[in-house]
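Participant: 3D model of this:
(one chain, ligands or ions: 1)
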Amino acid sequence: MSKIRVYEYAKKNNVSSKDIIHKLKEMNIEVSNHMATLEPEVIAKLDSMYKKAEPAKKSTPKPPVKEKQNVTVKPKGLVPGFDEDEEEVITTKVPIKKAVTKNKEGKKHDLQIQQKEKKIFTNKKNKKRNYEAPQQEIQVKKEKELPKKITFEGSLTVAELAKKLGKQPSEIIKKLFMLGITATINQDLDKDAIELICSDYGVEVEEKIVIDETDFESLEIVDDPANLIERPPVVTIMGHVDHGKTTLLDSIRNSKVTAQEAGGITQHIGAYQVTVNNKKITFLDTPGHEAFTTMRARGAQVTDIVILVVAADDGVMPQTVEAINHAKAANVPIIVAVNKIDKPTANPDRVMQELMEYELVPEEWGGDTIYCKLSALTGEGIDNLLEMILLVSEMEELKANPNRRALGTVIEAKLDKGRGPVATLLVQTGTLHIGDPIVVGSTYGRVRAMTNDVGRRVKEAGPSTPVEITGLNDVPQAGDRFMVFEDEKKARQIGEARAQKQLLEQRSVKTRVSLDDLFEKIKQGEMKELNIIVKADVQGSVEALVAALQKIDIEGVRVKIIHSGVGAITEYDIMLASASNAIVIGFNVRPDANAKRVAESEKVDIRLHRIIYKVIEEIEAAMKGMLDPEYEEKVIGQAEVRQTFKVSKVGTIAGCYVTDGKITRDSSVRLIRQGVVVYEGQIDTLKRFKDDVKEVAQGYECGVTIKNFNDIKEGDVIEAYIMQEVERK
Ligand SMILES: Nc1nc2c(ncn2[C@@H]2O[C@H](COP(=O)(O)OP(=O)(O)OP(=O)(O)O)[C@@H](O)[C@H]2O)c(=O)[nH]1
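Facilitator: Here you go, the predicted structure:
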């Protein structure tokens, strides 16, 4: 006889655990609770007690004790043809549990019980009319019919699946075993296993996809094409400093907005709309790529077309290139506005020539980039630019469904002393109405007042319309997404859930691509292209690196260089990396202080190298999942070279001031001159005044010599680092 627990025994004998414990106490057998295991000899004793007790009970005419028995009483008035006084009311015990256990062995016993019941409920007058036992009890005894179809969300445990199919878990486990799956009763079954089992029973399966409305950014809006109508394009103006972005924005606005909206007062709400040939165009009011990048870094893509402003008298400048890279990384079409053509020194052809290098080939030279020559100052060429915007917009087939609850992005937000939180929202799909319950980022509320870009109160705003709203419980952030919900309660619930989630996310580490987890992503098919930004000390290295990196192709995953350049790694590089989920490679260059700070907060992976093949090796290893950075460099401090002394036999001594962390005698150092690494090596001597010291902390001066290196100059930075063993993730 095998051991069983108290509650199991109780169940088997259709008595309560309490009763068993009580009986055991009487027998002087101590058990702690209903989970206690019973020894075979104890089971035997109990058996003898219960088995003896049973026949005695059967013969007892009195109704048995409730706990031990299942009393069946005819429900009043429920049995047609029966009058209460005529009825022979018999109460008896129906051993349901026993019936179930025996049921497994065959139907015979089942029938016996049913017959017994029939006998019990025989009417005195009419012997033929039988009362049927209550439904509930029969169900226990009958095998449940298989359902036609079952539904599930995510997964089901064996027990849950068994319940849905009306089968015993053991039967499911057996079936799974036959199918080569070993499972326990509480094991989760995936979709495939569930489908296998169900198809074996001939039951249809439907998986319910649960939509998490709190994560509405990831909702994919699928509209019936019949419900889509054309929407205005949303345009961002980018370009180098002083090339005329603001002048162009103002000039478009002044010439178009005020003329049509007579009496309207221009409001700077972050975006405005103009009407050209009866069609609207929406301009985002913050020129430059900062706003664009911030939005993209937050996962919002609002711009449909980028206007790249290039001053004809100045040509392509660093920020022009940055803007191109941003637009390209976001896959947004570019229209080039060659500005300042009124200037005598203007040379539009030169601009076109220079931009050829960035694959912006003018239509007139066989390419497909639209160039508009204009003067933001005089207004010449602006109408043409607007028409070209409409043309590109038409080609892009920008459409949205206005007849759905509004969804879009925050352009600007602030706290107004009088009005409370105020946000400019760009409706991207649907229509926003006054009174709509809304969730904006992790804030929520009801749209109280809506104002358009000329300060007019409006009742609704359709796709691509910017409106300023009030009525939120807090100030959201630019780039936050918003969505309208069916009622305020839901909006509040979702808003609060999102605020909570945001808090948790802020505490945990953001997931960006890093070389360490690259392989996992490739394996899971999440990665088709690895975005990389390359910064190096000289153009030759940039080119060599880019060429070598582009040759890498591992498991169909390729490297895509989204930006490359000469010089230190800047904040801009990090923002671009963050927005495009890229890795930054520094070749003989370092990130500047701002870049370092932003990289840390944005969790951008920066890899610094000095040898090209090491870069390639590292990227390849990461893609193959064989990255082996058992040692990681840890910068421990920085010192500024304030003076240099040349001493014969010793070499150059650098009189330094430790600006950050500490410099230790045994640390490795690199010498950085204007963001570029000029040398990497070891400290030879580290002195405070005349004494050799082990380390010098921040805020102190020291004398440093570097092994085999004397070309130290004032203003250089000595960065000390150690190689630290790190655990592989
Ligand atoms: N002659 C001439 N000057 C222009 C034109 N467009 C802009 N400017 C002048 O160029 C200067 C810079 O123009 P902004 O519009 O401020 O340039 P921006 O690109 O917005 O500059 P930042 O905001 O600093 O990035 C101003 O003095 C403008 O008056 C133009 O078409 N012709």
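Participant: Which residues of the stretch 101-250 of the chain lie near the ligand?
Facilitator: G239, V241, D242, H243, G244, K245, T246, T247 (C-beta under 6 Å from any ligand atom). To be clear about C-beta, it is placed using only N, CA and C from the backbone, and glycine gets the same treatment.
Participant: Out of these, name the ones that lie in helices.
Facilitator: K245, T246, T247 (DSSP state H).
Participant: With respect to V650, which of those residues is nearest?
Facilitator: K245 (55.1 Å; C-beta to C-beta).
Participant: Is that closest one in contact with T236, as I believe?
Facilitator: No. With contact defined as C-beta atoms under 8 Å, K245 does not count as touching T236 (9.7 Å).
Participant: Neighbour count: those two, which is higher?
Facilitator: Each of K245 and T236 has its neighbours counted (other C-beta atoms under 10 Å); T236 has more, 29 against 24.
Participant: Please confirm that the more buried one is located within a strand.
Facilitator: Yes. The assignment for T236 (DSSP: H, G, I helix; E, B strand; the rest coil) places it in a strand.
Participant: how about the nearest residue to it, chain neighbours excluded?
Facilitator: Of all residues not flanking T236 in the chain, T303 sits nearest, at 4.3 Å (C-beta to C-beta, 6 or more residues apart in numbering).
Participant: got it, and K634?
Facilitator: Counting by C-beta to C-beta, 6+ apart, the residue nearest K634 is Q724, at 4.6 Å.
Participant: Counting neighbours, what do you get for the residue in the stretch 1-150 of the chain positioned nearest to the ligand?
Facilitator: With C-beta to the nearest ligand atom as the measure, I150 is the residue of the stretch 1-150 of the chain nearest to the ligand, at 62.0 Å. Using other C-beta under 10 Å, the number of residues around I150 comes to 21.
Participant: Over to I4?
Facilitator: Neighbour tally, I4, other C-beta under 10 Å: 16.
Participant: thinking again about what came up before, in contact with the residue of the stretch 1-150 of the chain closest to the ligand, which residues are there?
Facilitator: By C-beta atoms under 8 Å, 6 or more residues apart in numbering, the contact list for I150 reads L161, K164, L165, C198, V203, E204, V205, E206.
Participant: can you rerun that using 7 Å?
Facilitator: Going by C-beta atoms under 7 Å, 6 or more residues apart in numbering, I150 touches K164, L165, C198, V203, V205.
Participant: What distance do you get for the closest residue to it other than its chain neighbours to the ligand?
Facilitator: Once flanking residues are discounted, I150 sits nearest to K164: 4.5 Å by C-beta to C-beta, 6+ apart. Using C-beta to the nearest ligand atom, to the nearest Å, we find K164 at a distance of 64 Å from the ligand.
Participant: Now do the SS call for the residue of the stretch 51-200 of the chain at minimum distance from the ligand.
Facilitator: Nearest residue of the stretch 51-200 of the chain to the ligand (C-beta to the nearest ligand atom) works out as G154 at 50.6 Å. The local conformation at G154, judged by three-state DSSP, is coil.
Participant: That one: how many residues sit nearby?
Facilitator: G154, neighbours per other C-beta under 10 Å, totals 11.
Participant: With the one 3 residues further on instead?
Facilitator: The burial metric for T157, expressed as a neighbour count using other C-beta under 10 Å, is 17.
Participant: so who does it touch?
Facilitator: Contacts of T157 (C-beta under 7 Å, 6+ apart): N186, Q187, D188, L189.
Participant: For PyMOL, what selects the buried ones among those residues?
Facilitator: For the buried members of these, the matching PyMOL selection, counting by 16 or more other C-beta atoms under 10 Å, is:
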select buried, resi 187+189
